[in-house]
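Engineer: Structure for this input, please:
(one chain, ligands or ions: 2)
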Amino acid sequence: MARTTIHVCSECGAQSAQWHGQCPGCEAWNTLIEERVSPARASGRKPASNGRRAGERARELPANVVPMPLRDVGAAPVRRMSTGIGELDRVLGGGLVPGSLVLLGGAPGIGKSTLTNMILGNLERAGHRTLYVSGEESAEQVRLRAERLRFAPAASLDDDVARPLDGASVANPALQVPILAETDLDTVLDVLAANPPRACVIDSVQTLGAAELSSAPGSVAQVREVAARIMQLAKARGIAVILVGHVTKEGALAGPRVLEHLVDCVLQFEGERERPYRELRALKNRFGSTNEAGLFEMRQGGLVEVLDASARFVAEATRAPGSVVLAAMEGSRPLLVEVQALVAPSELEQPRRVVSGIDRNRLALVLAILGRHGGVRTGGADVFVNVVGGVRVDEPGCDLAIALAVASASRGVALKSTPRGCFGELGLTGELRWVGHPERRLEEAAKHGLDGVIAPAGSGATACEVQTLRQALAAALPGGPAGGRGGAPVEHGGSPVALVGEAHSQKHARALHTAGGAPGHAAGAAPAKAGSGGSVARLRAV
Ligand code: TYD
Ligand code: MG
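Structural biologist: Ligands and ions are numbered 1, 2, ... in the order given. Okay, the predicted model is just below:
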């Protein structure tokens, strides 16, 4: 019998009939991934019967396959479907695009199934045919969740499709959604092909499996196969598909990022389980901006959009030492969030740096700049930084807020005139750098009663403009900046934070290792330099 799968190395492309822990070609470990032999391409889901026929087809090019200038390509305007959830529509770039694949990632229990239940309920109510494929939970479990959901009145949907259920808002639309509790990929594809819905949710992509592959559902090979075949069908039939994906402990979408290049849109659902706030952000979007983020609150009755987030966060700000309000930008929208820091003497040889809602590398960078240019040394202390409410801030403008919060916590004094707003990026030489949309940040701050926002030069007349970190500390803290010129060097062993991404440091370690250097020393020394470079590159990209 002809072999149906082979194992292909993801590093060098070497093929092998059997699985090996080490690639016979390039000797890399754990890189062999099972694949179907000659997967069907043009002919839909039917696999080509053998290699010879596939070769013949390639030579006889059909007459209608000719490259054409872009101006002649008929680009029909994308007709999007509103999900009925404004925050989500904004993150998607205006709604779901028919035929597109959206990957929704998030930790277990964060609310992915709740969100997708609500989306399909809204679409069903708007008159679209939908399908919910659950590989994870039984149909009964999904029904129990759907029963808990409460929907806004139908009038909030701005879709132009007729709404047969209009006025029947008492009926729970989530209960109208057809469900298929199934884990076999072929069965799911058959159901989709027999009666194509407008929108379909696969919950989750890691639970479906193709029978041809011997690897277990959730493996790289299976996840890739499942997504690729669903995509083929979705594009052919114009079905908008939302693939739910789990996130590993390290925070990456499971199925080692294999899906990210395949899908049109990658959404990440984040938040702390203990807190009600959830943030939805686009990491990739072929049909919109990747800067947008939507804020939700998990309540009894499902997810509710948070439209007055700034007001809430400012009202909740503690006004204690270590607290500062950051005027951040969430994509095109300004958002005021409280950044809190705690600095405590450490018992550990390598003091802790614990972050929530900001990047660990950014904290390491800010602490180094604070020590060198602000006279605030934290080498012997544990430092904790938290963005309140489970919000994640991923922009360079948060540097100053982290610095002021840490300085205030380190000295044990509250900022002058709390709550105090600020924003700005810190340069490696201690200067405060201009960041985008200062006028919108200041406007938002003024709207919520914050004045004298500390900001980089060129931000606007209403701001308290400063040029350097030192000036910012003087403006914010009652005693001004402490100490003389940052004399003591930043302790190298002090921070356990790796300053570079894992891949980067591994590459360094490997390169240095093969060059015969001492790996321990090399790995310790290389990151500090690469870290600042990497971070500068990242800041530009933001
Ligand atoms: P769920 O959508 O099942 O998470 P995921 O699919 O990401 O694993 O939601 C999990 C949590 O949401 C669960 O702990 C209960 C909570 N929840 C509410 O608080 N209110 C609700 O109305 C619903 C449906 C869920
Ligand atoms: Mg779920």
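Engineer: all contacts plus neighbour counts: C-alpha atoms, from now on.
Structural biologist: Noted.
Engineer: which stretches of the stretch 401-542 of the chain form strands?
Structural biologist: Assigned by DSSP state E, counting those that start in this stretch, the stretch 401-542 of the chain shows strands spanning 421-422, 425-426, 432-433, 454-456, 464-466.
Engineer: export the ones you listed to JSON lines and tack on mean pLDDT and mean neighbour count?
Structural biologist: JSON lines is the format used below for these (pLDDT from 0 to 100; neighbours: other CA atoms under 10 Å):
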{"stretch": "strand 421-422", "mean pLDDT": "95", "mean neighbour count": "32"}
{"stretch": "strand 425-426", "mean pLDDT": "97", "mean neighbour count": "24"}
{"stretch": "strand 432-433", "mean pLDDT": "96", "mean neighbour count": "24"}
{"stretch": "strand 454-456", "mean pLDDT": "96", "mean neighbour count": "29"}
{"stretch": "strand 464-466", "mean pLDDT": "95", "mean neighbour count": "21"}
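Engineer: Ok, which of those strands comes nearest ligand 1?
Structural biologist: strand 421-422 (32.0 Å; CA to the nearest ligand atom).
Engineer: Give me the contacts around the closest one.
Structural biologist: Where contact means CA atoms under 8 Å, 6 or more residues apart in numbering, the residues beyond strand 421-422 that reach it are 324-327, 400-401, 445, 450-455.
Engineer: And that strand, how far out from the chain middle?
Structural biologist: 25 Å (CA atoms, centre = their mean, to the nearest Å).
Engineer: what do you get for stretch 28-37?
Structural biologist: 27 Å.
Engineer: Just the buried positions in it, please.
Structural biologist: 31-37 (16 or more other CA atoms under 10 Å).
Engineer: Around ligand 1, which positions in the stretch 301-450 of the chain sit nearby?
Structural biologist: In this structure, the stretch 301-450 of the chain approaches ligand 1 at residues 301-302, judged by CA under 6 Å from any ligand atom.
Engineer: Would you map the helices across the stretch 301-450 of the chain?
Structural biologist: 309-316, 360-369, 399-411, 438-447 (DSSP state H, counting those that start in this stretch).
Engineer: Of all those, which one comes closest to Q15?
Structural biologist: Closest to Q15 of those is helix 360-369 (CA to CA; 38.5 Å).
Engineer: what's that closest one packed up against?
Structural biologist: strand 353-356, helix 399-411, helix 519-541 (3 or more CA pairs under 8 Å, 6 or more residues apart in numbering; DSSP states H and E).
Engineer: May I have the strands that pair with the shortest one, each with its orientation?
Structural biologist: So that's strand 353-356. Strand pairing for strand 353-356, using DSSP bridges, gives strand 381-387 (parallel).
Engineer: Smallest distance to ligand 1 belongs to which residue of the stretch 151-300 of the chain?
Structural biologist: Q300 (4.2 Å).
Engineer: how many neighbours does that residue have?
Structural biologist: With neighbours defined by other CA atoms under 10 Å, the count for Q300 comes to 10.
Engineer: ok, now F287?
Structural biologist: F287: 16 neighbours (other CA under 10 Å).
Engineer: Quick check, it in contact with L96.
Structural biologist: No. Contact criterion CA atoms under 8 Å: F287 and L96 do not qualify, at 9.3 Å.
Engineer: Tell me which residue lies nearest the centroid of the protein.
Structural biologist: Q268 (3.9 Å; CA atoms, centre = their mean).
Engineer: Output stretch 413-425 as PDB, nothing but the C-alphas.
Structural biologist: C-alpha atoms of stretch 413-425 as PDB (Å, rounded to 0.1, in the frame of the first residue of the first chain):
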ATOM      1  CA  VAL A 413       6.700  58.700  48.700                       C
ATOM      2  CA  ALA A 414       3.700  59.300  46.600                       C
ATOM      3  CA  LEU A 415       4.000  61.500  43.500                       C
ATOM      4  CA  LYS A 416       3.200  65.200  43.800                       C
ATOM      5  CA  SER A 417      -0.500  65.900  43.000                       C
ATOM      6  CA  THR A 418      -1.700  62.300  42.600                       C
ATOM      7  CA  PRO A 419      -3.100  60.800  40.500                       C
ATOM      8  CA  ARG A 420      -0.400  61.900  38.300                       C
ATOM      9  CA  GLY A 421      -0.400  61.200  34.600                       C
ATOM     10  CA  CYS A 422       2.600  60.700  32.400                       C
ATOM     11  CA  PHE A 423       3.900  59.100  29.200                       C
ATOM     12  CA  GLY A 424       7.100  59.000  27.200                       C
ATOM     13  CA  GLU A 425       9.800  56.700  26.000                       C
END
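Engineer: Who are the contact partners of the residue nearest to the centre of the chain?
Structural biologist: Per CA under 8 Å, 6+ apart, neighbours of Q268: 104-106, 279-283.
Engineer: Kindly recompute the last result at 7 Å.
Structural biologist: 104-106, 280-283 (CA atoms under 7 Å, 6 or more residues apart in numbering).
Engineer: Read off the pLDDT value for the residue of the stretch 151-300 of the chain closest to ligand 1.
Structural biologist: If you check Q300, the pLDDT there is 90.
Engineer: what do you get for L539?
Structural biologist: 32.
Engineer: now swap in T378 and tell me
Structural biologist: For T378, the predicted pLDDT is 93.
Engineer: For the residue of the stretch 351-500 of the chain found nearest ligand 1, grab the count of nearby residues.
Structural biologist: Here the residue of the stretch 351-500 of the chain nearest ligand 1 is G390; by CA to the nearest ligand atom that distance is 15.2 Å. By other CA under 10 Å, 19 other residues sit near G390.
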